[in-house]
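>>> below is the sequence, then the predicted model.
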Amino acid sequence: MLNQKVEKLMNEQINAEFYSAFLYLSMSAYFERMNLPGLANWTYVQYLEETTHALKFFKYVNERGGNVRLATIKEPPVEWKSPLHVFQEIYKHEQHVTALINNLVDASIQEKDHASNNMLQWYVAEQVEEEANAQLIMGHLERIGESKDGLFMLDKELSARTFNDATGTINPTTAGA
C-alpha cells in the first residue's frame, strides 16, 4: 500500500511532469516558428520523454493501490528571447524538477516507504542526465553567440535525436487501446 504522504506528493509530481511535457511542446512550437527544425525536434522528443515520466508515476501510484488525482496544468509560456534563453529556462526548469524529485525521495525515506524510494532512484539518475543535457546545449549556444552558421550546425545535429521510452511505460502493441 502506498503511503498517503508519498501518494500526495506523487500526484503533485504527475502534474509537474505533465506541465514539463507541455512546456517542452510549447518550446517545440516556438522553434518551429523560428524555422529551427532540429531544436524543434529535440524539444518535441523531450515532450515525449516527460509524458512517459508522468505515466511512470501514474502506473506506479495505481500499482501500489493509490488514487491518481490529475490536476489542471497551467499554461506554459509561448515566447522566449532566443534559443539560448530557451535552454537557460530548460536548465532552470530541470533544476526545479530535480528539487521536486529530491523532496519525494526525502518523504519516502521519512515515511519508510522503501518501495517508493527504490522506484524514485530511477528519477534521481534521470535528473542528472536531464540537467547535463540542458547544460551541454546551453553551453553550445553560449559559444555560438550570434553565429548563424553555428546555430545552423547545432540545429542540424539536434535533428538526429529520436525518442526512446527509457521508462518502459508505453507498450507499442497496446498504445491507444
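Looks like it came in fine.

>>> contacts, neighbours, all on C-alpha from now
OK.

>>> give me the number of residues near Arg33?
11 (other Cα atoms under 10 Å).

>>> kindly report the same for the one 5 residues further on.
Neighbourhood size, Gly38 [other Cα under 10 Å]: 22.

>>> which residue, neighbours along the chain excluded, lies closest to the residue minimising distance to the centre of the chain?
Taking Cα atoms, centre = their mean, the centroid of the chain lies closest to Glu50, which sits 3.7 Å from it. Ranked by Cα to Cα, 6 or more residues apart in numbering and with sequence neighbours excluded, the top spatial neighbour of Glu50 is Ala21, at 4.9 Å.

>>> what's the burial count for the one you found?
Neighbour count of Ala21, defined by other Cα under 10 Å: 25.

>>> cool, and the one 10 residues further on?
The criterion is other Cα under 10 Å. On that basis, Phe31 has 25 neighbouring residues.

>>> correct me if wrong: it contacts Leu25.
No - counting by Cα atoms under 8 Å, Phe31 stays clear of Leu25, with 9.9 Å between them.

>>> circling back to that earlier point, so how far is Lys112 from the residue nearest to the centre of the chain?
Separation of Glu50 from Lys112 (Cα to Cα, to the nearest Å): 27 Å.

>>> swap in Ile144?
According to Cα to Cα, Ile144 stands 48 Å off from Lys112.

>>> compare those two and say which one has the larger neighbour count.
Ile144 (17 against 12).

>>> who's in contact with that one?
By Cα atoms under 8 Å, 6 or more residues apart in numbering, Ile144 lies in contact with 150-151.

>>> how about low-confidence regions in this protein?
171-177 (pLDDT under 70).

>>> just the helices in the chain please.
For the chain, the helices defined by DSSP state H occupy 4-33, 37-63, 83-110, 114-144, 148-158.
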